[in-house]
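Q: Following is a predicted model, sequence given first.
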Amino acid sequence: MTVRVERDKASGVAVVTLERERTHNAIDLATAAELTSLWRELRHEEEVRAVVLTGAGRAAFCTGIDRGVSVPQPSSPYSVDDPLLAIGPKANDLWKPVVAAVNGMACGGAFYLLGESEFLIASRTATFFDPHTTYGMVSAYEAVYMAQRMPFGEAARMSLMGTAERLSAERAHAIGLVSELAEPGELRAAAVRAAETLAGFPPEAVQGTVRALWSAKQAALQQALAQAPALISLGNLPPERQEALFTARRTHPEPRVR
């Protein structure tokens, strides 16, 4: 198991932890399948009324897809098989509130999860970045999710600057991506505290409000995501060239944190 779930029936909160600390909680195919299954299970668990989502350790919340994952792609530029498309709660029709507790790095495919959380609480040591362009890849799904959570200029800068820059927790809080900052040792407690408040309210009202909030942006989100497969097929470098750029990453200068 690469996803750990702790259910507290008394409070109504489930804490979901990505358990791949050695790989900075990168998501392989098994983890993707576990997340999809878990969100669908939680829809039917009435004792769970709110969720905290985090990563094991303090180094990383999630660093996106595991580089060891290989997914054969169709030849058509209009189709892309993306193993991360169904890892988020909304993709699995879960409308219970999800609070993301961001510990350390959050980058790339992590935005599938952050993009489908209600709000983010971050450790003061957290950083956010999107490495796609550095490695010859189109940031499509990730950029769309972040463009809905950040001012356009900030989302564009993060998506385009690749590994050259990282967004600090303080800056993420200032622009509204993060709703609360916590000291590293207090992050989980802060996220659980918020989730316990949500779990203490009538669930029909909470879930209805979650659904209403998402309906306000879902049409635009779906239209934007529909363009992603073709953009990725047209803009991505061949896998071997991506791998060469990724292997050469150690020669890159240290990223600027802003």
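A: Great, that's in hand. Numbering: from 1, shown residues only.

Q: Every contact and neighbour count from this point should use C-alpha atoms.
A: Noted.

Q: Look up phi and psi at the closest residue in space to Arg149 that isn't next to it in sequence.
A: In space, Arg149 comes closest to Leu177 once its chain neighbours are excluded; the distance is 5.9 Å by Cα to Cα, 6 or more residues apart in numbering. Main-chain torsions, Leu177, degrees, to the nearest 10: phi -70, psi -40.

Q: likewise the one 3 residues further on?
A: Reported as degrees, to the nearest 10, the phi and psi values for Glu180 are phi -160, psi 140.

Q: Now for the residue nearest to Arg149: which residues touch it?
A: Leu177 makes contacts with Leu120, Arg149, Met150, as judged by Cα atoms under 8 Å, 6 or more residues apart in numbering.

Q: In strands, which of the residues you listed fall?
A: Leu120 (DSSP state E).

Q: Tell me the one among the contacts of Leu177 nearest to Pro74.
A: Of all the contacts of Leu177, Pro74 sits closest to Arg149, with 31.0 Å by Cα to Cα.

Q: Can you name the residues that contact that closest one?
A: Gly115, Gly176, Leu177.

Q: What segments of the stretch 101-250 of the chain are helices?
A: Secondary structure of the stretch 101-250 of the chain (DSSP state H, counting those that start in this stretch): helices at 110-114, 141-147, 152-161, 169-174, 187-199, 203-226, 228-235, 239-247.

Q: what sits up against the fifth one?
A: The reference is to helix 187-199. Outside helix 187-199, the residues touching it (Cα under 8 Å, 6+ apart) are 11-13, 15, 48-52, 97-103, 121-123, 181-182, 206.

Q: thinking again about what came up before, looking at the helices of the stretch 101-250 of the chain, which is nearest to Pro255?
A: It's helix 152-161; of the helices of the stretch 101-250 of the chain, that one is closest to Pro255 (Cα to Cα) at 9.9 Å.

Q: elements contacting the closest one?
A: Judged by 3 or more Cα pairs under 8 Å, 6 or more residues apart in numbering; DSSP states H and E, the packing partners of helix 152-161 are helix 141-147, strand 165-168.

Q: So which elements touch the first one?
A: With contacts taken as 3+ Cα pairs under 8 Å, 6+ apart, helix 141-147 sits against helix 110-114, helix 152-161, helix 203-226.

Q: and if you look at the last one?
A: Strand 165-168 is packed against strand 127-129, helix 152-161, strand 256-257, with contacts defined by 3+ Cα pairs under 8 Å, 6+ apart.

Q: Just say which of the ones you listed is most tucked in.
A: Ranked by average neighbour count under the criterion mean count of other Cα atoms under 10 Å, those are headed by strand 127-129 at a mean of 25.

Q: do you know which of the helices and strands packed on helix 141-147 lies nearest Arg67?
A: With Cα to Cα as the yardstick, what comes closest out of the helices and strands packed on helix 141-147 is helix 110-114 (13.6 Å).

Q: Contacts for the closest one next, please.
A: Against helix 110-114 from outside (Cα under 8 Å, 6+ apart): 61-64, 84-85, 87-89, 100, 120, 141-142, 145-146.

Q: switch the cut-off to 7 Å
A: Residues from elsewhere that reach helix 110-114, judged by Cα atoms under 7 Å, 6 or more residues apart in numbering: Cys62, Thr63, Gly64, Ile87, Gly88, Ala100, Glu142, Tyr145, Met146.
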